[in-house]
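Visitor: requesting a structural model of the entry that follows:
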Amino acid sequence: MTATHFDLDDERADRLAEQRERREAERALTQAFEPVDELPRVRTGYGAKPIPAARLALIDYCRSHPGKWVKYTPTPEQDPVRVGSIGQMIRKQQGGFGSGFESTIRAKIAYIRFTGGAA
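Guide: Numbering: from 1, shown residues only. Predicted structure coming up:
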């Protein structure tokens, strides 16, 4: 029986599929683990936007002064979130705030403190 061009095309397609599967399996093995020296900063939310510098400064300040309430009144350019959103971020441990943070809102001003906990 003579091989037709259809048979040759099928054989070639099978070989290419096997090669592709083999490469994907090898790639999966080599990319399964990657050691890192330092974890990247946590990015949350749908847009995964970076944490504003004003909020990072607040978090650092609160951590260096545990137990003290800090008044947080950034301009919209410094931190575009609303006051109520800050409290929600703290409760959900998002937006750069980890465990150990508390907040309260008085007269549309956020007061935040760090009581201790994981960094």
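
Visitor: got the domain boundaries for the protein?
Guide: Listed by automatic domain parsing, the domain ranges of the chain are 1-32, 53-114.

Visitor: tell me which of those sits nearest to residue 38.
Guide: When the domains of the chain are compared by Cβ to Cβ, domain 53-114 sits nearest residue 38, at 16.2 Å. Any C-beta I mention is one placed from the backbone N, CA and C, and that applies to glycine too.

Visitor: and the closest one, end to end?
Guide: Counting by Cα to Cα, to the nearest Å, you get 18 Å between the two ends of domain 53-114.

Visitor: quick one: that domain to chain centroid distance?
Guide: 18 Å (Cα atoms, centre = their mean, to the nearest Å).

Visitor: and the contacts of stretch 93-111?
Guide: Outside stretch 93-111, the residues within contact range by Cβ atoms under 8 Å, 6 or more residues apart in numbering are 41-42, 44-45, 51, 55-56, 59, 62, 69-73, 81, 83-84, 86-87, 89-91, 112-119.

Visitor: that'll do, ta.
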